[in-house]
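Colleague: 3D, please:
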Amino acid sequence: MKKALFTAIAIAITVASQASITIATFADPTTTADSPMFTWDQAAGTLSGLWNASGLTLQTPGMTGGGFVTDAHYEMDSVALTPVIAGSFYTMGKGQVRFYTTDPNTPFYTINFSGGTFLNPFNAGASQTAGPIVDFSGPNVLPDLTDETFSFGLTNAKQVGNFVTFTSSFTSSATVVPEPVSMLVLGAGLAVVARRRKSK
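Modeller: Modelled structure (predicted):
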């Protein structure tokens, strides 16, 4: 009985520790290429992002309190692109994405990444960053996150000279590691259930 109990607790803790959730996401706030959100500088070999207009609603289901932020803004400084397949597939250098409301110097959600990938939307349909080291931070970001990842889906490509601009949607997710207290409560609950079953 004890062996079964410990096995049940171990399984429950493992399942809880592997719960992947959406941290923050937004739908493309524009349907035309006239309001770009990303710029690919083909001559310089860089990618940058910026949205400081209105209309972007960032949903934050995986942050403390959940909810959403209306008229959110973001910026991503230029990151270097290294071609793997020229014109189609690139690796990205180190960079940072900052979400803010009024002051870009005081972001409420920051994503640091050490690398990633960029797919040419003309051929592949999307850009995705999935670097080996991604870190989320901010006042409402949950602690003890692992396996952080994020991606921007780029659409409405428009080329002018050496520059290609896009609009974008966004999502980010992570695995939540339960706190020790939560795991103890879970284990205690399972123990009570097992004891009741044994007494019947």
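Colleague: Contact partners for residue 38?
Modeller: Counting by Cβ atoms under 8 Å, 6 or more residues apart in numbering, residue 38 makes contact with 47, 48, 49, 76, 127, 152, 154, 165, 166, 167, 168. Yep, even glycine has a C-beta here, placed from its N, CA and C like the rest.
Colleague: Show me what the strand ranked longest in the chain is packed against.
Modeller: Counting residues, the longest strand found in the chain (DSSP state E) is strand 145-160. Where contact means 3 or more Cβ pairs under 8 Å, 6 or more residues apart in numbering; DSSP states H and E, strand 145-160 is packed against strand 19-26, strand 109-113, strand 127-129, strand 134-137, strand 163-176.
Colleague: number of nearby residues for the nearest residue to residue 89 once chain neighbours are set aside?
Modeller: Nearest non-adjacent residue to residue 89, counting by Cβ to Cβ, 6 or more residues apart in numbering: residue 119, 5.9 Å away. Residue 119 has 16 neighbours, counted by other Cβ atoms under 10 Å.
Colleague: Of the contacts of residue 38, keep whichever come out buried.
Modeller: Among those, those buried by neighbour count (16 or more other Cβ atoms under 10 Å) are 47, 49, 76, 127, 152, 154, 165, 166, 167, 168.
Colleague: and which of these is nearest residue 22?
Modeller: Nearest to residue 22 out of the buried ones among the contacts of residue 38 is residue 152 (Cβ to Cβ; 14.6 Å).
Colleague: Next, the contact list for the nearest residue to the closest one once chain neighbours are set aside, please.
Modeller: Excluding the flanking residues, the one nearest residue 152 by Cβ to Cβ, 6+ apart is residue 168, at 4.7 Å. Contact analysis of residue 168 by Cβ under 8 Å, 6+ apart lists 28, 37, 38, 49, 127, 152, 153, 154, 155.
Colleague: Please convert these to CSV, extending it with distance to residue 141 and pLDDT.
Modeller: Output for these, formatted as CSV (distance: Cβ to Cβ, whole Å; pLDDT from 0 to 100):
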residue, distance to residue 141, pLDDT
28, 24, 95
37, 22, 96
38, 23, 95
49, 20, 96
127, 23, 57
152, 19, 91
153, 22, 89
154, 25, 88
155, 27, 88
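Colleague: Of the buried ones among the contacts of residue 38, which is the nearest to residue 143?
Modeller: Of those, the one sitting nearest to residue 143 (Cβ to Cβ) turns out to be residue 76, at 24.4 Å.
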